[in-house]
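> 3D model of this:
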Amino acid sequence: MSPLLPLSTNIHEPQRLSLARKLILLVMFCLTQFIDTLSMSALLSAIPALEASMGMTEIQSTWVFSGFRLTFSSFLLISGRLSDVYNPKTVFIGGVSTLGILSLCAGFVYTTVPILVLRAITGIGDHSRCFCDDDSLCSKLLVKVFPDPLEQARAVGFFAGCGAVANMGGLVVGAMFVQRVSYHWVF
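Numbering: from 1, shown residues only. Okay, here's the model as predicted:
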């Protein structure tokens with residue numbers, strides 16, 4: 001029986017990136033992590049306002065999160081395979097773009113069923129983007145950008161720290177948006 005061939009036959013040494021480019025990529029990954037985590041935790045503050053303005057029941061309001069998480073976790077393995085087959089950069093940009101467009105659309109919805117459907121579809125877009133609880137695309141890209149183990153540890157620590165700060169700050173930001181402007185701004 002012959003051994004399995006690797007997916008990529010590229011045996012060239014990966015090109016070294018300049019420090020400035022590495023830092024730009026790290027900031028981009030961390031900003032994406034920060035915005036996504038901030039928006040998820042800010043949505044917690046908006047749930048009572050969503051229930052009141054759209055006439056949602058408590059069961060329907062739980063599907064704002066559950067639909068997102070269900071589709072996110074269902075498509076996570078597909079995202080991993082897509083980033084293996086295609087360029088991870090393309091998959092990352094596609095996921096961030098899809099997430100941004102669908103989140104913008106969700107901000108303009110005023111009825112229950114479309115907001116639930118958009119949140120579920122947003123989970124599909126978010127699966128190909130980095131999220132702090134999985135070891136998917138962002139971890140893969142961070143390891144490629146920072147090949148030195150010490151640099152990797154610092155980059156992953158900074159990346160995780162951005163998620164933690166956003167998780168705490170999202171509740172405050174979401175509450176400020178709901179009180180001062182509208183719950184539509186948390187999407």
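> residue ranges with poor pLDDT in this structure?
Counting by pLDDT under 70, the chain has low-confidence residues at 1-15, 128-137.
> where do the helices sit along it?
19-54, 58-74, 76-85, 88-106, 112-126, 137-145, 149-180 (DSSP state H).
> Buried residues, the last one. List them.
What it means is helix 149-180. Residues 152, 155-156, 159, 162-163, 166, 170, 173-175, 177-178 are the ones in helix 149-180 that count as buried (16 or more other Cβ atoms under 10 Å). Where C-beta positions appear, they are placed from N, C-alpha and C, glycine not excepted.
> Then the longest one?
By neighbour count, with 16+ other Cβ under 10 Å as the criterion, the buried positions of helix 19-54 are 22, 25-26, 29-30, 32-43, 45-47, 49-51, 54.
> Which strands or helices does it pack on?
With contacts defined as 3 or more Cβ pairs under 8 Å, 6 or more residues apart in numbering; DSSP states H and E, helix 19-54 has these neighbours: helix 58-74, helix 88-106, helix 112-126, helix 137-145, helix 149-180.
> and Trp185, what is it in contact with?
Applying Cβ atoms under 8 Å, 6 or more residues apart in numbering, one finds that Trp185 lies in contact with Gly107, Phe177.
> that older thread, could you check the helices and strands packed on helix 19-54 and tell me which one is nearest Leu82?
Closest to Leu82 of the helices and strands packed on helix 19-54 is helix 88-106 (Cβ to Cβ; 5.0 Å).
> helices or strands next to the closest one in the packing?
Counting contacts by 3+ Cβ pairs under 8 Å, 6+ apart, helix 88-106 is packed against helix 19-54, helix 76-85, helix 112-126, helix 137-145.
> now the ones you listed in TSV, with distance to Ser103?
Shown next, in TSV, are the helices and strands packed on helix 88-106 (distance: least, Cβ to Cβ, whole Å):
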stretch	distance to Ser103
helix 19-54	7
helix 76-85	18
helix 112-126	6
helix 137-145	18
